[in-house]
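**Q** Provided below are the primary sequence and the corresponding predicted coordinates.
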Amino acid sequence: GQNLRLAYFQCLRSSDFGVGEGVLMKSPVRPDFTVLDALTLTQNFTLKAFLEHRTLTLEEHDRIFRLDRQESYQIFESLGNRHLITPVSKPVGPNVDRSRIVEGVRYRVQPLLTGAVISHLGARNIVH
């Protein structure tokens with residue numbers, strides 16, 4: 001597509017730097033996005049909300065979807081565990097668990113996956 005980060009990432013994945021003095025370029029391997037096919041309708045619409053708003057906090061998700069905090073937390077956590085969302089700015093500190101969803105932190109769709117998410121949601125007629 002038109003994602004330069006993804007193109008650069010694919011180039012690095014296709015390069016074999018361990019051959020003699022040069023670089024051997026292999027055919028690019030298409031990334032596997034089947035993880036998107038297993039998402040629930042609520043998770044899909046949450047991804048759509050991320051695309052529409054660019055970033056969301058747990059509180060904003062609560063209000064948009066009229067859910068309680070625990071349900072929003074579970075949705076964010078499930079998307080985070082699949083590496084589909086990421087914090088906009090990484091929480092800092094010695095005892096911060098970066099894999100945990102944190103109140104007040106803004107999250108967004110993983111930039112390398114934006115195109116795949118848009119394609120997935122388009123195939124499901126959630127976005128057009």
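**A** Right, received. Where do you want to start? Everything numeric in this text was worked out from a predicted model, so none of it was measured. Numbers count the residues shown, from 1 in each chain.
**Q** low-confidence ranges in the chain?
**A** Low-confidence regions of the chain, defined by pLDDT under 70, span residues 1, 19, 91-99.
**Q** Now do the strands in it.
**A** In the chain, the strands defined using DSSP state E lie at 15-16, 24-25, 85-87, 107-109.
**Q** any chance of the ones you listed in JSON lines, with distance to Ile118 and mean neighbour count too?
**A** C-betas here are computed from N, CA, C, even on glycine. Shown next, in JSON lines, are these (distance: least, CB to CB, whole Å; neighbours: other CB atoms under 10 Å):
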{"stretch": "strand 15-16", "distance to Ile118": "27", "mean neighbour count": "12"}
{"stretch": "strand 24-25", "distance to Ile118": "28", "mean neighbour count": "10"}
{"stretch": "strand 85-87", "distance to Ile118": "14", "mean neighbour count": "19"}
{"stretch": "strand 107-109", "distance to Ile118": "9", "mean neighbour count": "21"}
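**Q** so can I have TSV of these showing distance to Arg66?
**A** Below are the strands of the chain laid out as TSV (distance: least, CB to CB, whole Å):
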stretch	distance to Arg66
strand 15-16	48
strand 24-25	51
strand 85-87	20
strand 107-109	19
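**Q** For Lys48, find the nearest of those.
**A** The closest of these to Lys48 is strand 107-109. By CB to CB, the value is 9.9 Å.
**Q** circling back: so which of the strands of the chain comes closest to Ile101?
**A** Of all the strands of the chain, strand 107-109 sits nearest to Ile101, with 7.7 Å by CB to CB.
**Q** if I pick the residue nearest the centre of the chain, what's in contact with it?
**A** The residue lying closest to the centre of the chain (CA atoms, centre = their mean) is Leu84, at 2.4 Å. By CB atoms under 8 Å, 6 or more residues apart in numbering, the residues touching Leu84 are Val35, Leu36, Leu47, Val109, Gln110, Leu113, Val117.
**Q** Would you mind checking those residues for buried ones?
**A** Neighbour-count burial (16 or more other CB atoms under 10 Å) is assigned, among those, to Leu36, Leu47, Val109, Gln110, Leu113, Val117.
**Q** Which member of those residues is positioned nearest Glu103?
**A** Val109 (19.8 Å).
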